[in-house]
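Enquirer: just the structure for this:
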Amino acid sequence: MTASKFILPIILFVLTLAAGFWVSKTGKPYNTGTFTLHKLLALAAVVFVTIAITDVLKTTHAQPLVIVLVVLAGLSVIALFGTGALMSIQKTVSSIWLFVHRVAPFLLAGSSISAILLLIKTV
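Expert: Prediction:
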């Protein structure tokens, strides 16, 4: 039952990645529709995974490692939202912002998947 809570956030994360690749392929200036879709999918994924993790954390005693992984995932989300916003408002994209925006999804996926697996295992 616990694993099913994470299906929608995982699907939304994959769709966010796909939309992100689509946005990057269209180049600047970003297509408004594609860019908006990417942002809304990302926001929905964050909201639904937060709800799912909060529900599971209420019913189980989380290991300290789970808390560290959730914090790392949260920091990755902040980095993604921040760099995405910076890249969307700037005429030129800083290479460091682009690097962070390309690395953060891997940190987010790794820390989220690890936390989810540990949470499922403890329930």
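
Enquirer: from here on, just use CA atoms for contacts and neighbour counts.
Expert: Noted.

Enquirer: can you pull out the strands in this structure?
Expert: Counting by DSSP state E, one finds no strands in the chain.

Enquirer: can you give me the helices in it?
Expert: Counting by DSSP state H, residue ranges of the helices within the chain are 7-26, 32-59, 64-89, 95-122.

Enquirer: buried set for the second one?
Expert: By neighbour count, and taking 16 or more other C-alpha atoms under 10 Å as the criterion, the buried residues in helix 32-59 are 34-35, 37-39, 41-46, 48-50, 52-53, 56-57.

Enquirer: can you check the first one too?
Expert: Residues of helix 7-26 classed as buried under the neighbour-count rule (16+ other C-alpha under 10 Å) are 9, 10, 12, 13, 14, 15, 16, 17, 19, 20, 23.

Enquirer: and that helix, what does it pack against?
Expert: Judged by 3 or more C-alpha pairs under 8 Å, 6 or more residues apart in numbering; DSSP states H and E, helix 7-26 is in contact with helix 32-59.

Enquirer: between helix 7-26 and the helix it packs on, find me the angle.
Expert: 150 degrees (axes from the mean of the first three to the mean of the last three C-alpha atoms, to 10 degrees).
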